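A.B. asks: heads up, no residue letters with this:
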């Protein structure tokens, strides 16, 4: 049996004995190539691969083949034109590697053992370009497969030494991957190896800082937080809370348990309440090797965008747009083997959109569960299910009642022996009903027996159940404690009692009801007036909790509205709406703002004005159709007027700003300009930050539109007097100085705009600021300075997708070299500007070149460039370049020394548009 | 005026509100430049968008997108090609 090992150094083994390899590296490379590809190759292609050159390549190939024949025997098949390695009956290691997710764990372990090193270690031939390209490509592909195998194994094996070995190897192979480091740190921590976990964390930090000049991502910090915290005996890995040991016997559902294959299909269970959907999800999590994630939606109408995900992940990324946010969540989920989402019938729009994205992009298996009758009431949930079905990703199971045998088995576990038959027959195969009947003292409907169990509770346990039911979702013991005013000891005792009798259960660091029906029954049992009181206390308790991010605001709106506390509800609605905007949950933002606007009717005075303006701000900033927003105009206008009369300048300024936004959106530019100016004027009595922002915006608008430069100058002057940092402000001032030819004054502002934009990751403004500095340096004939700026310009341009910034940066650099007297392909540079069709830049570059050529006495070249400059400049309305180029065309001989001064004079006049005809000489 | 084509790809399918909001911001800049949106083609999966503009040069369109903070994949000047009436390029 012939065995060829390519993973590591090349080895040939025949009948268990290593065979000596040919001394020629090319012959060994040929063997490796033939074995790895295992298909016929034309002799001339093989020659090109390894022997391209002046010698006789076919003879070299023949010679190599004679060296390989003794090693490979009948596997090497050669004809006049072709050479092939036939792998039937031979073992080649790379051919045994499959797609990791589809392999069994044992097979994956075997595959991992095949890697003795990288693909063809040491068999590089830098002189053979084609072979080397192939080798490098294959090496990287196989390295990625190796990483995928190790990742899959680490996840599947849970917490043990074997998993640790694979996680360590993965970090060695992929040292700049923070996920790999995070997984290793978590694993070490979960095995109780805190010291080593901390050492790994330190080494990861230092690798990232030394090699990448950056800190590792949040996944590593999250992993660090698990050090010293993870309880040792837990069943499997890592970052997310795992399924607790089952509280109740699991019976039946063999068909559904087998439903998790194939991997890229979402499995969806639907059925009546109590039929066992949640218990099935729990069982699937217990049976999944590796990390799992459990999330559930709640019935209460609270505005909690992504609430399901925030609860499940224990945190949420902070990103600048929705796509990045979704990608960050998918990254957090890498390594999660199973995602289980319960009570889908209550999902919010934002969570549904994210779930759809995760289903399309994540490698985790996904299972969903929903109450069949209520799913149709939630259009977002229905849309998600329809979309998944349309994409052929959904496998749906309607859960049937348990069979008679299964019901009896379950009843035996919960009921007294004499009651088993009765309980099994009365429950009709509904598992929850079976369990509740087994615990109940007398028969009744499902809701009756649950109700009976709750009324039997005594003292503080009964009290806690009512309050917890009113919270409406997983509850924090501290909040319930604060709302009830119950002492901590009494509270804990009550919680313990409720947990023991299966009414509540721990869910991470919170508690949840054993079943949502129990919560519903407990809530219904609270009398009407008492409910109001309970909700008021919960709203106050939440309100007093430190909540800088507004994460609780949606819940406060819910409880305060039910308690009739309209002031608290409406003010919380503003916070909740702003939080929705920050999270790109626009539908939720509109919904909470509309709810707040209904509540605001019962408020009065300044509080009403402030709250109403805050809510309108949410509505205007959300992405609702313009038509609907425009309907707000009247309400905004009168509110702005009321704020002004009430002596609330800050609120009036916000109103004017929102009106400007609405006008802009509805294309009423004239109104927009008026409102912008009004906003700037109103702001003069508001606070400093509002003033600076409003003025800088107005000035930038005017400068970009090149209209009313004098007014822009005045606004910029006032804004800069306030002294608030703002990239727009410095950009505006820099452009203004440069516009008037005051380069020395322009530079510090442009540099500052560059720094501020860089801090905000605003690459376009970074690039524009620096680009203007290069232009200014070139116009000053300072080639050395221009080249310094160019060095910084190019790296920014490479970060910007899709535009012409890279070409425009390159051209400026070439012009700087040309100015310095270096030999460059000037026409090539200009051709690139024509190619990207950047006429403004082309017009500027042509006039710049023509001016220098005039100085150098190259009059004909200058005329040609100036003629083209006029055409380009006129096409895009660049009056300055038109004026300078026409000025050059008017000079028939070498330029007079005052050319630049004359041109600038024309430029200034032309820009202001007073004497455009004079510029045409 | 030249014909400009701008291409965008989206990771997540875009919705009407997102398209409308971006268009409003871009339109304002386009108008300032004297450029004009002609028509757009949105793929059925809503993940690819091709827009056609009339402008003096491609930079006006690129500048409008950059200034509005809207990302794009490429923007190029085109000749309108028709089989019945070939352009100079063909």
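C.D. replies: Okay, I see it. As the structure is a prediction and not an experimental result, all values here were calculated from the model. Residues are numbered from 1 along each chain as shown, chains lettered A, B, ... in the order given.
A.B. asks: for the residue positioned nearest the centre of chain B, name its beta-bridge partners.
C.D. replies: Most central residue of chain B, judged by C-alpha distance to the mean C-alpha position with C-alpha atoms, centre = their mean, is residue B:51 at 3.3 Å. Using DSSP bridges, the beta-bridge partners of residue B:51 come out as residue B:6, residue B:40.
A.B. asks: doesn't residue B:35 make contact with it?
C.D. replies: No - between residue B:51 and residue B:35 there is no contact, the gap being 11.4 Å when judged by C-beta atoms under 8 Å. Just so you know, the C-beta spots here come from the backbone N, C-alpha and C atoms, and that holds for glycine as well.
A.B. asks: what average pLDDT does the biggest helix by length in chain B get?
C.D. replies: Of all the segments of type helix in chain B, defined by DSSP state H, the longest one is helix B:16-33. Per-residue pLDDT over helix B:16-33 has a mean of 81.
A.B. asks: and for stretch A:377-385?
C.D. replies: Across stretch A:377-385, pLDDT averages out at 83.
A.B. asks: how about that stretch: buried residues?
C.D. replies: Across stretch A:377-385, burial judged by 16 or more other C-beta atoms under 10 Å in any protein chain shown covers A:378, A:380, A:381, A:382, A:384, A:385.
A.B. asks: residue 66 - how many residues pack around it?
C.D. replies: I went with chain A, as the question did not name one. For residue A:66, the count of nearby residues is 11 (other C-beta atoms under 10 Å in any protein chain shown).
A.B. asks: should've been chain B
C.D. replies: Using other C-beta under 10 Å, the number of residues around residue B:66 comes to 23.
A.B. asks: secondary structure element for it?
C.D. replies: Under the criterion DSSP states H and E, the helix or strand holding residue B:66 is helix B:58-68.
A.B. asks: residue A:119 versus residue A:781, what's the distance?
C.D. replies: As defined by C-beta to C-beta, to the nearest Å, residue A:781 lies at a distance of 55 Å from residue A:119.
A.B. asks: between these two, point out the one with more neighbours.
C.D. replies: Comparing residue A:781 with residue A:119 by neighbour count (other C-beta under 10 Å), the higher total belongs to residue A:119, at 25 against 14.
A.B. asks: that one reaches residue A:137, doesn't it?
C.D. replies: No - using C-beta under 8 Å, residue A:119 makes no contact with residue A:137, being 9.8 Å away.
A.B. asks: quick one, what contacts residue A:577?
C.D. replies: A:589, A:592, A:593, A:596, A:614, A:615, A:618, A:622 (C-beta atoms under 8 Å, 6 or more residues apart in numbering or on different chains).
A.B. asks: of those, select the buried ones using a PyMOL command.
C.D. replies: Buried residues within those, by 16+ other C-beta under 10 Å, are selected in PyMOL with:
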select buried, chain A and resi 589+592+593+596+614+615+618+622
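A.B. asks: format the contacts of residue A:577 as TSV; extra columns: pLDDT.
C.D. replies: Written out in TSV, the entries for the contacts of residue A:577 read as follows (pLDDT from 0 to 100):
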residue	pLDDT
A:589	87
A:592	88
A:593	89
A:596	89
A:614	93
A:615	92
A:618	88
A:622	76
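A.B. asks: residue A:451: which of the contacts of residue A:577 is nearest?
C.D. replies: The shortest approach to residue A:451 among those belongs to residue A:592, at 33.5 Å (C-beta to C-beta).
A.B. asks: and the least confident helix or strand in chain B by mean pLDDT, how far from the chain's centre?
C.D. replies: For chain B, the helix or strand with the lowest mean confidence is helix B:16-33, at a mean of 81 (criterion: mean pLDDT, DSSP states H and E). The chain centre lies 11 Å from the centre of helix B:16-33; the measure is C-alpha atoms, centre = their mean, to the nearest Å.
A.B. asks: that helix - contacts with which helices or strands?
C.D. replies: Under the contact definition 3 or more C-beta pairs under 8 Å, 6 or more residues apart in numbering or on different chains; DSSP states H and E, helix B:16-33 sits against helix A:649-665, helix A:688-705, strand B:36-42, strand B:48-55, helix B:58-68.
A.B. asks: lowest average confidence across the ones you listed, which one?
C.D. replies: helix A:688-705 (a mean of 63).
A.B. asks: pLDDT score for the nearest residue to residue A:865 once chain neighbours are set aside?
C.D. replies: Of all residues not flanking residue A:865 in the chain, residue A:850 sits nearest, at 4.1 Å (C-beta to C-beta, 6 or more residues apart in numbering or on different chains). Residue A:850 is assigned 94 on the pLDDT scale.
A.B. asks: distance of residue A:850 relative to residue A:709?
C.D. replies: Residue A:850 is 27 Å from residue A:709, by C-beta to C-beta.
A.B. asks: the two: who's more crowded?
C.D. replies: More crowded of residue A:850 and residue A:709, by other C-beta under 10 Å: residue A:850, with 27 against 18.
A.B. asks: wait, doesn't the more buried one sit right on residue A:887?
C.D. replies: No - the criterion here is C-beta under 8 Å, and residue A:850 misses it with residue A:887 at 9.9 Å.
A.B. asks: up against chain A, what does chain B have?
C.D. replies: B:2, B:4, B:7, B:10-12, B:16-18, B:20-21, B:24, B:27-29, B:31-32, B:34, B:56-60, B:62, B:66-67, B:69, B:71-77 (C-beta under 8 Å from any C-beta of the partner chain).
A.B. asks: in PyMOL, how would I select the buried members of these?
C.D. replies: Taking 16+ other C-beta under 10 Å as the burial criterion, the selection of buried members of those in PyMOL is written as:
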select buried, chain B and resi 2+4+10+12+17+18+21+24+27+28+29+32+56+57+58+59+60+62+66+67+71+72+75+77
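A.B. asks: so residue A:77 belongs to a strand, correct?
C.D. replies: Yes - for residue A:77, which was evaluated using DSSP: H, G, I helix; E, B strand; the rest coil, the result is membership in a strand.
A.B. asks: and residue B:15, its phi and psi?
C.D. replies: Main-chain torsions, residue B:15, degrees, to the nearest 10: phi -110, psi 170.
A.B. asks: what is the burial count for it?
C.D. replies: Residue B:15 - counted by other C-beta under 10 Å - has 14 other residues nearby.
A.B. asks: surely it and residue B:47 touch.
C.D. replies: No - proximity of residue B:15 to residue B:47 does not meet the contact threshold set by C-beta under 8 Å, at 11.7 Å.
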